[in-house]
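Asker: Quick check, what structure comes out for this input:
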Amino acid sequence: MSSIAFKPFTGLHRSSAVPTTTTITLSKPVIKFNVSAAKTSPKLSNRNLKVAVIGGGPAGGAAAETLAKGGIETFLIERKLDNCKPCGGAIPLCMVGEFDLPLDIIDRRVTKMKMISPSNIAVDIGQTLKPHEYIGMVRREVLDAYLRDRAKENGATVINGLFLKMDMPKRWDEPYVLHYTEYDGKKGAMGEKVTLEVDAVIGADGANSRVAKAIDAGDYDYAIAFQERIKIPDDKMVYYENLAEMYVGDDVSPDFYGWVFPKCDHVAVGTGTVTHKSDIKKFQLATRNRAKDKILGGKIIRVEAHPIPEHPRPRRLSGRVALVGDAAGYVTKCSGEGIYFAAKSGRMCAEAIVDGSQHGKKMVDEGDLRKYLEKWDKTYWPTYKVLDVLQKVFYRSNPAREAFVEMCADEYVQKMTFDSYLYKTVVPGNPLDDLKLAVNTIGSLVRANALRKEME
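Answerer: Alright, predicted model coming up:
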């Protein structure tokens, strides 16, 4: 197998091992903002507002498109226009409609899932899906390119460049000066050092965000995601035509899960961990071994690794600079989902700028961008907290994972889970069914605790 050398990640830090006791905090984090003295935002003369989007993933592409449509002079800077991020590639049904995604960029429509416990007990999930419902599977290089191209079609300037740093304005009406290396094919592999003056900046440059570093956004814990794309024989690919698998257990990850997700002509096999990053290849080997009979004869065609944030950064906004997507820390616990939330945060942030600038006619200030954060937290904080609790309760030991898989067999659990995932809301349940679920959950946890004691 190809070897991967991990580069140090700027602005991230390693977390300590998972404690033996579990503490669950449900209170909202206190977020402090440094707000400049309010000034009347003047109308811009003879030009429109200029905004730079750093990063061309789902967050950056969605932000740039919204800005360009809204009358903003938009610049999107992305270093790797053919980037293949190690990402499971699952997107919820609501994203297809909300972002008007064409069906031909969706490799597979998953309607069945198998959740597989540490003891290899498999539970089939998907029986509550309606005929039109599915989980979309995409390749990031395809989705990202499509969103960038659409932004360009709407007027954004897409720059193949590496963002280096930015000079901060000393006055409220001065521009941000961005420094980047542009790769246009004319200056050779070294590129050309270029500067760009803009009125506002959206940092969509991922977990290792240089924009976050520039505004002193603070550190956060991160996971390592490791994934192999494996080309398997056609007869074995039939099995994964509309099926995804998730494996849980200490062997595949002490705090996450392993996956086999179908793509156009191959499967993506991967895992992740926060607490034991140095053992990631061992966990990956275990994930392959758990699925070995179904991927037998496969050939690894690509190996990928990437950091994934575990929680929002302490600061996501400073002046006229805002963070979105992975740069802001918008990846959910338990499921590790980030694509939809990246695109949605990019769009929300851009909408706040468009509204605050009156479609590019006025200067914006921190108060305008803060409306994006307020809307984001109000809309999605419950989702993040519910998944955080689930991870702390059910991913802490193999017996707890066995209880989790046992719960997944319940039809009501499946309905609530899929409705919440597909449409991105915390779905209110039926009180009687909720009570039954609570009793069953307690029963599962009691049995898991008894099993744990037997194993000690």
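Asker: For the stretch 1-150 of the chain, give me the ranges with low pLDDT.
Answerer: 1-40, 86 (pLDDT under 70).
Asker: Would you map the strands across it?
Answerer: 12-13, 50-54, 73-78, 90-91, 108-110, 112-116, 122-125, 135-137 (DSSP state E, counting those that start in this stretch).
Asker: Residue 175 is nearest to which of those strands?
Answerer: Closest to residue 175 of these is strand 50-54 (CB to CB; 7.6 Å). All C-beta spots, glycine's among them, are computed from the backbone N, C-alpha and C.
Asker: Just the angle for that closest one relative to strand 73-78, thanks.
Answerer: 20 degrees (axes from the mean of the first three to the mean of the last three CA atoms, to 10 degrees).
Asker: And strand 50-54, what's buried?
Answerer: 50-54 (16 or more other CB atoms under 10 Å).
Asker: cool, stretch 81-95 as well?
Answerer: By 16+ other CB under 10 Å, the buried positions in stretch 81-95 come out as 83-93, 95.
Asker: Quick check: the two most widely separated of those residues?
Answerer: Farthest pair in the buried residues of stretch 81-95 (CB to CB) is 83 and 93. Separation: 25.1 Å.
Asker: What is the nearest of the buried residues of stretch 81-95 to residue 251?
Answerer: Looking across the buried residues of stretch 81-95 and measuring by CB to CB, the closest to residue 251 is residue 88, at 19.0 Å.
Asker: Pick the one among the buried residues of stretch 81-95 closest to residue 262.
Answerer: Once CB to CB is applied, the member of those that ends up nearest residue 262 is residue 89, at 9.4 Å.
Asker: what residues are up against residue 91?
Answerer: Counting by CB atoms under 8 Å, 6 or more residues apart in numbering, residue 91 touches 101, 106, 135-138, 143, 339-340.
Asker: returning to what we had before: now distance to residue 314 too, for the strands of the stretch 1-150 of the chain, in TSV please.
Answerer: Shown next, in TSV, are the strands of the stretch 1-150 of the chain (distance: least, CB to CB, whole Å):
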stretch	distance to residue 314
strand 12-13	12
strand 50-54	20
strand 73-78	25
strand 90-91	28
strand 108-110	36
strand 112-116	34
strand 122-125	36
strand 135-137	32
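Asker: Determine which of those strands approaches residue 313 most closely.
Answerer: Nearest of these (CB to CB): strand 12-13, 10.0 Å.
Asker: Quick check: phi and psi at residue 364.
Answerer: In terms of degrees, to the nearest 10, the main-chain angles of residue 364 are phi -110, psi 160.
Asker: now it: how far from residue 342?
Answerer: 22 Å (CB to CB, to the nearest Å).
Asker: Around the closest residue to residue 70 other than its chain neighbours, how many other residues sit close by?
Answerer: Excluding the flanking residues, the one nearest residue 70 by CB to CB, 6 or more residues apart in numbering is residue 354, at 3.3 Å. For residue 354, the neighbour count with other CB atoms under 10 Å is 22.
Asker: For the remainder of this discussion, apply numbering that starts at 157.
Answerer: Right, with 157 as the first residue, what we last looked at is residue 510.
Asker: For the helix or strand where residue 510 lies, list every residue counted as buried.
Answerer: In this assignment (DSSP states H and E), residue 510 forms part of helix 495-512. Within helix 495-512, the residues scored as buried using 16+ other CB under 10 Å are 495-510, 512.
Asker: Please give the element, helix or strand, for residue 367.
Answerer: Assessed by DSSP H and E, residue 367 sits inside helix 366-370.
Asker: Run the chain-centre distance for the helix or strand just after that helix.
Answerer: Using DSSP H and E, the next helix or strand after helix 366-370 towards the C-terminus is strand 376-387. What separates the centre of strand 376-387 from the centre of its chain is 12 Å, taken as CA atoms, centre = their mean, to the nearest Å.
Asker: Check which helices and strands strand 376-387 sits against.
Answerer: With contacts defined as 3 or more CB pairs under 8 Å, 6 or more residues apart in numbering; DSSP states H and E, strand 376-387 has these neighbours: strand 168-169, strand 423-429, helix 436-446, strand 455-465.
Asker: Tabulate the ones you listed (a markdown table), appending mean neighbour count and distance to residue 198.
Answerer: Converted to a markdown table, these look like this (neighbours: other CB atoms under 10 Å; distance: least, CB to CB, whole Å):
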| stretch | mean neighbour count | distance to residue 198 |
| --- | --- | --- |
| strand 168-169 | 14 | 39 |
| strand 423-429 | 26 | 47 |
| helix 436-446 | 19 | 52 |
| strand 455-465 | 17 | 36 |
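Asker: Let's see the pLDDT reported for residue 559.
Answerer: Note on residue 559: pLDDT of 89.
Asker: Burial check on it, number of neighbours?
Answerer: Using other CB under 10 Å, the number of residues around residue 559 comes to 25.
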